[in-house]
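Asker: Sequence and predicted structure are below.
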Amino acid sequence: MTTDIAGNSMAEVNPKGSPTIMLDGHIDEIGVIIQYIDDDGYLYISPIGGWDAQVLVGQRMRFLGTDGDVLGVVGKKPIHLMKTEDRERASKFTDLWVDIGAASRAEAEARVGVGDPGVLDSRTLDFPNDRIVSRSIDDRIGAFVVLEALRRYAEKPGVARVVAAATTQEEIAWHGGGAAISAHSINPKIAIVVDVTFATDHPNIEKKEIGEHKMGGGPILSRGALISPVVLGRLRETAKQHDIAHVVHAVGRDTSTNADAIHIAREGVATGLVSIPNRYMHSPNEMVSLVDVDNAATLIAEFCRSITADTDLTAR
Ligand SMILES: [Zn+2]
């Protein structure tokens, strides 16, 4: 296991093997950053990553403060005091503040500072039908899948060197962040990126736009312009051989995942994208099926076993 300057963690099996397969799951999550502290000790926050500010209203937050965790609550004017037009308007970040119980700016500043990060304070729950509910399933579940796939591969390794990477900085920009750095150092010929994607089996979602992805319907395999047809073909073949339910998802351009950076690393990496259907993305209550998680790990471990030194990766 190794770490690097960007905070990525890499675990490796069969270091002398060939070719090299990189498995990527990002471990960063969306959060907030303290922007300003006022004279009364209230904190004003800005987003880290893509937030719907409505989700923040009424939540508890946990900040990484000067001497450990600091809890806060997101404050907003009560409904009783809102004017009609306020009630119909969506909340913005600048309408909200965080109350950490401090009575003054000095008291707040003794516990937190400008630039301290925070996340939602919510716990993981087991739900019926082999589901879990948690914040930051996007994409801790992907990081879990790649490590679990590596663990299963290690039980009976093939000829390939396989490196599972828990990568950083995915949520904050489109430049590839930790995954770009990690792909450079690992120098893979093949990569499988594991992220979450939108489950479409809940109300008010448009299947015509993104296809049909059910909870428990299996991992979703992306097919499109930047996905290696060789890797996708091998994933589908492996799924068929091992009787793993899966869905194909069409993506005509970039994928909004680490696949976008990894496929153009160095002299090019044959990249596949395996996604776990996830409900309520970027909320305190994201939901996935553990059956899909288990199937994704098996699929990827078996995929890695099927790769040999002379697997032809040329896109034709
Ligand atoms: Zn995300």
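Answerer: Great, that's in hand.
Asker: The residue nearest to residue 48 when sequence neighbours are not counted: how many residues sit nearby?
Answerer: Closest residue in space to residue 48, ignoring its immediate chain neighbours: residue 31 at 4.3 Å, by C-beta to C-beta, 6 or more residues apart in numbering. In short, each C-beta sits where N, CA and C put it, glycine included. Counted by other C-beta atoms under 10 Å, the residues lying close to residue 31 total 22.
Asker: pretty sure residue 31 contacts residue 46?
Answerer: No - because the distance of 10.2 Å does not satisfy C-beta atoms under 8 Å, residue 31 is recorded as not touching residue 46.
Asker: Overlap of the contact sets of the two?
Answerer: Contact criterion C-beta atoms under 8 Å, 6 or more residues apart in numbering; residues shared by residue 31 and residue 46: none found.
Asker: before we move on, the earlier item: pLDDT value on the residue nearest to residue 48, please?
Answerer: Looking at residue 31, its pLDDT is 97.
Asker: With the one 3 residues further on instead?
Answerer: The predicted local confidence for residue 34 comes out at a pLDDT of 98.
Asker: I'd assumed it was in a strand, is it?
Answerer: Yes - when classified by DSSP: H, G, I helix; E, B strand; the rest coil, residue 34 is found to be part of a strand.
Asker: Neighbours of it, how many?
Answerer: So residue 34, with other C-beta under 10 Å, has 23 neighbours.
Asker: Enumerate every residue touching it.
Answerer: Here residue 34 is in contact with 43-45, 63, 98, 112-118 (C-beta under 8 Å, 6+ apart).
Asker: Sketch out the strands for the stretch 51-200 of the chain, chain order is fine.
Answerer: Taking DSSP state E, counting those that start in this stretch as the criterion, the stretch 51-200 of the chain contains strands spanning 60-65, 68-75, 97-99, 117-120, 125-127, 131-134, 161-167, 190-198.
Asker: I'd like the ones you listed as TSV, with mean neighbour count and mean pLDDT appended.
Answerer: TSV is the format used below for the strands of the stretch 51-200 of the chain (neighbours: other C-beta atoms under 10 Å; pLDDT from 0 to 100):
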stretch	mean neighbour count	mean pLDDT
strand 60-65	18	97
strand 68-75	16	97
strand 97-99	20	98
strand 117-120	19	97
strand 125-127	11	98
strand 131-134	17	98
strand 161-167	29	98
strand 190-198	27	97
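Asker: just checking, residue 162 touches residue 13?
Answerer: Yes - between residue 162 and residue 13 there is a contact at 5.0 Å, judged by C-beta under 8 Å.
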